[in-house]
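A.B. asks: the following comprises the amino acid sequence and a computationally predicted model.
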Amino acid sequence: MTNVVRLALLALVPFAAGCSASLSASSESSSQIVSSPFESSSSSLRSSETRYRDGVRDLTVSYARSGGTVDALGAQIADLARERGITDWQASNLTWEGIGEGLARGGVKGADFEAHLTRLTNSDPPKMATVRAAYERAQR
């Protein structure tokens, strides 16, 4: 091998290493760009769900403090769900979690809690369990 060829190969070694590092950095950037729309829509969905649950919670606090009716609360929750694109609010656990949190924040306790729990859920065991769990979490 001649000195010129050796010199040319030595000159290419840093360039090849730089291409490799650049390609690696470029691949990482591309994967971040590709995954970010999915992360963004996932976080947007969580945010929308959180806003709905928080809205139900706030409506329930008002219901608990004002002595409103179950029917009025149901109508308000149905309107909120419609605004948020939730088609069956009664089947959504977010609804029942919000109700549990709202009863806790509304200061409902003891026998009053049990009475509201029964009326609001129509004694449906899964709904009762969800409300009770959210109520207890909010009490901590």
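C.D. replies: All right, it came through fine.
A.B. asks: low-scoring pLDDT stretches of this protein, where are they?
C.D. replies: The chain contains residues with pLDDT under 70 at 1-45.
A.B. asks: if we go to 90?
C.D. replies: 1-48, 140 (pLDDT under 90).
A.B. asks: residue boundaries of the helices in it?
C.D. replies: Secondary structure of the chain (DSSP state H): helices at 3-66, 70-84, 93-105, 110-121, 125-139.
A.B. asks: what's the shortest one in contact with?
C.D. replies: In this case it means helix 110-121. Counting by Cβ atoms under 8 Å, 6 or more residues apart in numbering, helix 110-121 makes contact with 64, 70, 73, 96, 99, 103, 108, 127-128, 131-132, 135, all of which sit outside it. Where C-beta positions appear, they are placed from N, C-alpha and C, glycine not excepted.
A.B. asks: report the buried members of these.
C.D. replies: 64, 73, 96, 99, 103, 108, 127-128, 131-132, 135 (16 or more other Cβ atoms under 10 Å).
A.B. asks: measure the residue found closest to Met128 once you drop the neighbours it is linked to in the chain to Val108 for me?
C.D. replies: Distances taken as Cβ to Cβ, 6 or more residues apart in numbering place Thr121 nearest to Met128, at 4.9 Å, with adjacent residues excluded. As judged by Cβ to Cβ, to the nearest Å, Thr121 and Val108 stand 14 Å apart.
A.B. asks: next: Ala134.
C.D. replies: Going from Ala134 to Val108 by Cβ to Cβ gives 13 Å.
A.B. asks: cool, and Leu80?
C.D. replies: 20 Å.
A.B. asks: ok, Ala91 next?
C.D. replies: Counting by Cβ to Cβ, the gap from Ala91 to Val108 is 24 Å.
A.B. asks: quick one: buried residues of stretch 85-98?
C.D. replies: Residues 86, 89, 92, 94-98 are the ones in stretch 85-98 that count as buried (16+ other Cβ under 10 Å).
A.B. asks: likewise stretch 116-135?
C.D. replies: In stretch 116-135, counting by 16+ other Cβ under 10 Å, buried: 116-117, 120-121, 127-128, 130-132, 134-135.
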